[in-house]
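Engineer: below is the sequence, then the predicted model.
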Amino acid sequence: MKSCPSCSSDQFIKAGIIKNRQRYKCKSCGYYFTVGKLGKQIDDYYVNKALQLYLEGLTYREIERILGVSHVSVMNWVRKYNIKRPYNSNYHPTYKILSRNELSNYFQNVNNMVGAGVLVTELGDKFMLIKWERFRD
């Protein structure tokens, strides 16, 4: 904060505390104001992962459970970056959270690799495996 929001003067004094936030009074115009609250900053890694998972077909709530980020935040990021999902897909994604050993065992089974596409992404010390399978009529 470097100036009064009303008159842009840099002459102001402390004028008490309201709801645990410092209040100021401008010496030039007499305007009372408080310092704007800073929101919680979420690491870009989680924003990127959330948008990737959204594009893979996961719902907002599923992304919330996996990453631990609010589904409302994910919705806001989708709107902010104007992300659109592809329409009319014959495939639907299923996902699993696996450890390193479970992932290794998964790929050793040949039946897991037939008839579907697979994407693996890192989530901390775990791995997320997303598999696309055709809709069954």
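Structural biologist: All right, it came through fine.
Engineer: can I see the domain layout of this protein?
Structural biologist: Using automatic domain parsing, the domain ranges for the chain come out as 1-38, 39-87, 90-137.
Engineer: was I right to think residue 49 contacts residue 130?
Structural biologist: No. Taking contact to mean CB atoms under 8 Å, the distance of 11.8 Å between residue 49 and residue 130 leaves them out of contact. (C-beta placed from N, C-alpha, C; glycine too.)
Engineer: top helix in the chain by residue count?
Structural biologist: If you go by DSSP state H, the chain has its longest helix at helix 44-55.
Engineer: ok now it, how far from the chain's centre?
Structural biologist: 6 Å (CA atoms, centre = their mean, to the nearest Å).
Engineer: got it, and stretch 109-119?
Structural biologist: Using CA atoms, centre = their mean, the offset of stretch 109-119 from its chain centre is 29 Å.
Engineer: ends of it, how far apart?
Structural biologist: With CA to CA, to the nearest Å as the measure, the ends of stretch 109-119 fall 16 Å from one another.
Engineer: same question, stretch 14-23
Structural biologist: End-to-end distance for stretch 14-23, by CA to CA: 6 Å.
Engineer: what residues does that stretch touch?
Structural biologist: Applying CB atoms under 8 Å, 6 or more residues apart in numbering, the contact partners of stretch 14-23 are 24, 25, 32, 33, 34, 35, 37.
Engineer: pull the contacting residues for the fifth one.
Structural biologist: With contact set as CB under 8 Å, 6+ apart, residue 34 has these partners: 18, 21, 22, 23, 24.
Engineer: near residue 50, how many other residues are there?
Structural biologist: Residue 50: 26 surrounding residues under other CB atoms under 10 Å.
Engineer: per-residue pLDDT of the nearest residue to it once chain neighbours are set aside, please?
Structural biologist: Here the nearest residue to residue 50 in space, its sequence neighbours aside, is residue 74; by CB to CB, 6 or more residues apart in numbering that works out to 4.8 Å. On the pLDDT scale, residue 74 is placed at 94.
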